[in-house]
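Asks: predicted model, plus sequence, below.
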Amino acid sequence: MKPRDWRQWRPRAGRPRATGWSLRRRLLLMVMGTSITLWLVSLAIVIGVAWFATSDVFDDALEEGSRLVLQLGSEADAHASAGRGLHDRRGEEMKLRMYYQIVAPDGRVLLRGEDTPEAAFVPRVERSKGFANVWVGGELWRVHTRRGAGGNTAQVAQPVEERLELLGDMAENLAWPALALLVLLGLVSWWQIRRLLRPLEDTAGRIGARTPQDLSPIAVPDPPRELQTILDALNALLARLGVALDSERRFTSDAAHELRTPLAALRMRVQLIERELKLPGHHLQQLRADLDRCTALIESLLALARLEPQAEALPRETVALEALIDTLDLAPAHAKGLQLERALAVPTIEAAPALLASALRNLVDNAVRYGGPGGRVRVESAPLPGGGVRLAVRDDGPGVPAGQRARLGERFFRVLGTGQPGNGLGLSIVARIAALHGAALRFESGLDGRGLGVVLDFPPG
């Protein structure tokens, strides 16, 4: 499977939608859930306090009403008051009526107000006065009783349901402003949480915009303490990774450099042995070929070590493709009778000259090595719709099966059965150079539907 290109990651709208749970959503749900719970508890407390406070006021009104009923208990005043309800000033303000009765000692109702039940609220009063909750006519009443001098009892009552309706109205009046405040709290919380978590998004954008070459510490202006801890750990990891990569590159470069000298000396000794012993050339021909193959492998490893990601930006120049092709060693192509064609619709390209020369040299060398005698190798350049340049090297040799083309850029991978020497690093070097230029590398068919075509799409310079 081909590795993903770092350029496919985008910190904003172009990146794939993140999966998993959302910290912002959970914070918002936690804040709103806690707020709603506290609001409900507060509403219950307010209603409870209001219930006890209003009950005390209503009870005082009932007590005062029973006293007034006893004062109006004379026959003249009683007839004047008959059929009318008793209203206390505080009861009128709260829109609650009080229902009164004058009850004889034997439980008969002597006088009652409008809409007052015919049966006595409390038929037998054991105490001279007091409050009681009684059921009359299937309805719960709050009653205050007061015994008069003649043995009659004044009973003044209110339906508990009316008190509850008053509390319901109060709760409704409190609920709508509270709901509006909850909505406002939700919007403010969402905005604040989004603003407070923005450093995380900015940090993710900075990390996503980094190239593999850039291992410098990630700097975020004025980060919160919680994010600073993550940044410190990440920067420490980047520092250790940079040291490890530097050590690996240094080791590969030093090893390749140190191995070149003994191999070159060994090849010279082989040549001296041939001359001194006057042996036929075929006796040590295989040994020389093995030495040449080892030397080529060391050179390829050294080139790859030099092409490992660097923090510095890649310097680019305008490179003339015609002149670059003229610098290539075409002796192997002439020896095999291969014809090198040029189809340069775009004469120049913006790239690092030395790296582009190395890539083109490896591509032409591969095409010549695996191409058949008397065949063709063509170097092409063409403009891309987006403003870039397409550079391709195609041949008409045996080619590579479509199922194996995806592995051609892997290190040390070689197609079996070709009978050609090699180390499998040439196309790896080309892939690394393409990545450094931000170019897309792909493999397709060669000339006339045969062979292999290696295509590099360079972005606009």
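Replies: Yep, that arrived. Numbering: from 1, shown residues only.
Asks: helices of the chain, residue ranges please.
Replies: For the chain, applying DSSP state H gives helices covering 23-71, 75-81, 89-93, 160-196, 198-208, 225-277, 285-306, 321-326, 331-335, 353-370, 426-437.
Asks: with only the CA atoms kept, save the last one in PDB.
Replies: In this case it means helix 426-437. Extracted in PDB, the C-alpha atoms of helix 426-437 (Å, rounded to 0.1, in the frame of the first residue of the first chain):
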ATOM      1  CA  GLY A 426      17.100   4.000  -8.800                       C
ATOM      2  CA  LEU A 427      13.300   4.600  -8.700                       C
ATOM      3  CA  SER A 428      13.500   5.100  -4.900                       C
ATOM      4  CA  ILE A 429      15.800   8.000  -5.500                       C
ATOM      5  CA  VAL A 430      13.400   9.400  -8.200                       C
ATOM      6  CA  ALA A 431      10.500   9.000  -5.700                       C
ATOM      7  CA  ARG A 432      12.400  10.900  -3.100                       C
ATOM      8  CA  ILE A 433      13.300  13.700  -5.500                       C
ATOM      9  CA  ALA A 434       9.700  13.900  -6.600                       C
ATOM     10  CA  ALA A 435       8.500  14.200  -3.000                       C
ATOM     11  CA  LEU A 436      11.100  17.000  -2.300                       C
ATOM     12  CA  HIS A 437       9.600  18.900  -5.300                       C
END
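Asks: return the distance of it from the chain's centre.
Replies: When distances are taken as Cα atoms, centre = their mean, to the nearest Å, helix 426-437 is centred 32 Å away from the chain's centroid.
Asks: look up the closest residue to Gly186, ignoring the ones flanking it.
Replies: Distance criterion Cβ to Cβ, 6 or more residues apart in numbering; nearest residue to Gly186, sequence neighbours excluded, is Met32 at 5.5 Å. C-beta: built from backbone N, CA, C; applies to glycine.
Asks: and that neighbour, what does it touch?
Replies: Leu182, Leu185, Gly186, Ser189 (Cβ atoms under 8 Å, 6 or more residues apart in numbering).
Asks: only whichever of these are buried, select them in PyMOL.
Replies: Typed into PyMOL, the next command selects the buried ones out of the contacts of Met32 (criterion: 16 or more other Cβ atoms under 10 Å):
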select buried, resi 189
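Asks: list just the nearest of the contacts of Met32 to Arg378.
Replies: Nearest to Arg378 out of the contacts of Met32 is Ser189 (Cβ to Cβ; 65.2 Å).
Asks: you'd agree that closest one is up against Leu28?
Replies: Yes. Counting by Cβ atoms under 8 Å, Ser189 does reach Leu28; the two are 5.9 Å apart.
Asks: tell me where the model's unsure across the stretch 51-200 of the chain.
Replies: 73-96, 125-129 (pLDDT under 70).
Asks: rerun that using 50 as the cut-off
Replies: 74-95, 128 (pLDDT under 50).
Asks: over to the stretch 351-461 of the chain?
Replies: Short version for the stretch 351-461 of the chain, where the test is pLDDT under 50: 416-419.
Asks: from Glu172, how far out is Gly186?
Replies: To Glu172, Gly186 is 21 Å away according to Cβ to Cβ, to the nearest Å.
Asks: er, Leu28 actually
Replies: Taken as Cβ to Cβ, the span from Leu28 to Glu172 is 27 Å.
Asks: of the two, which one has the most company?
Replies: For Leu28 versus Glu172, neighbours defined as other Cβ atoms under 10 Å are more numerous around Leu28 (17 against 9).
Asks: list the residues that contact that one.
Replies: By Cβ under 8 Å, 6+ apart, the neighbours of Leu28 are Gly186, Ser189, Trp190, Ile193.
Asks: could you dump the residues you listed into CSV and include distance to Gln271?
Replies: Converted to CSV, the contacts of Leu28 look like this (distance: Cβ to Cβ, whole Å):
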residue, distance to Gln271
Gly186, 86
Ser189, 82
Trp190, 80
Ile193, 77
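Asks: which one among these gets closest to Glu276?
Replies: Proximity of the contacts of Leu28 to Glu276 was ranked by Cβ to Cβ; the top entry is Ile193 with 84.7 Å.
Asks: what is the burial count for the closest residue to the closest one other than its chain neighbours?
Replies: Closest residue to Ile193 apart from its sequence neighbours, by Cβ to Cβ, 6+ apart: Leu27 at 5.0 Å. As a burial measure, Leu27 scores 17 neighbours (other Cβ under 10 Å).
Asks: same question, the one 4 residues further on
Replies: When counting by other Cβ under 10 Å, one arrives at 17 neighbours for Val31.
Asks: got it, and Leu227?
Replies: 15.
Asks: so how far is Ala175 from it?
Replies: For Leu227, the distance to Ala175 - Cβ to Cβ - is 40 Å.
Asks: for Glu162, same thing?
Replies: Taken as Cβ to Cβ, the span from Glu162 to Ala175 is 20 Å.
Asks: same deal with Ala236?
Replies: From Ala236 to Ala175 the distance is 54 Å (Cβ to Cβ).
Asks: swap in Asp395?
Replies: 81 Å.
Asks: quick one, which of these two is more surrounded?
Replies: More neighbours surround Asp395 than the other of Asp395 and Ala175, with 27 against 12 (other Cβ under 10 Å).
Asks: contact partners for that one?
Replies: 367-368, 370-371, 375-378, 446-447, 451-453.
Asks: got it, and Leu321?
Replies: Leu344, Val346, Pro347, Thr348, Ile349, Val379, Ser381, Leu391.
Asks: farthest pair within these?
Replies: Thr348 and Val379 (14.0 Å).
Asks: so these two - more neighbours on which side?
Replies: Legend: neighbour count by other Cβ under 10 Å for Thr348 and Val379, higher for Val379 (22 against 17).
Asks: right, and that one touches Arg390 too?
Replies: No. Contact criterion Cβ under 8 Å: Val379 and Arg390 do not qualify, at 11.6 Å.
Asks: was I right to think Asn133 contacts Val160?
Replies: Yes. At 7.2 Å, Asn133 counts as touching Val160 under the criterion of Cβ under 8 Å.
Asks: shared neighbours of those two, which are they?
Replies: Leu140, Trp141, Arg142.
Asks: could you report the distance from the first one to Leu408?
Replies: Right, the one you point to is Leu140. For Leu140 relative to Leu408 (Cβ to Cβ), the value is 91 Å.
Asks: and the two? Which one has more around it.
Replies: The neighbour comparison of Leu140 against Leu408 (other Cβ under 10 Å) goes to Leu408, with 22 against 13.
Asks: pull the contacting residues for that one.
Replies: Val400, Leu427, Phe443.
Asks: so which of those residues comes closest to Leu324?
Replies: After measuring the contacts of Leu408 against Leu324 - Cβ to Cβ - the closest member comes out as Leu427, at 18.9 Å.
Asks: filter the contacts of Leu321 down to the buried ones.
Replies: Buried among these by 16+ other Cβ under 10 Å: Leu344, Val346, Thr348, Ile349, Val379, Ser381, Leu391.
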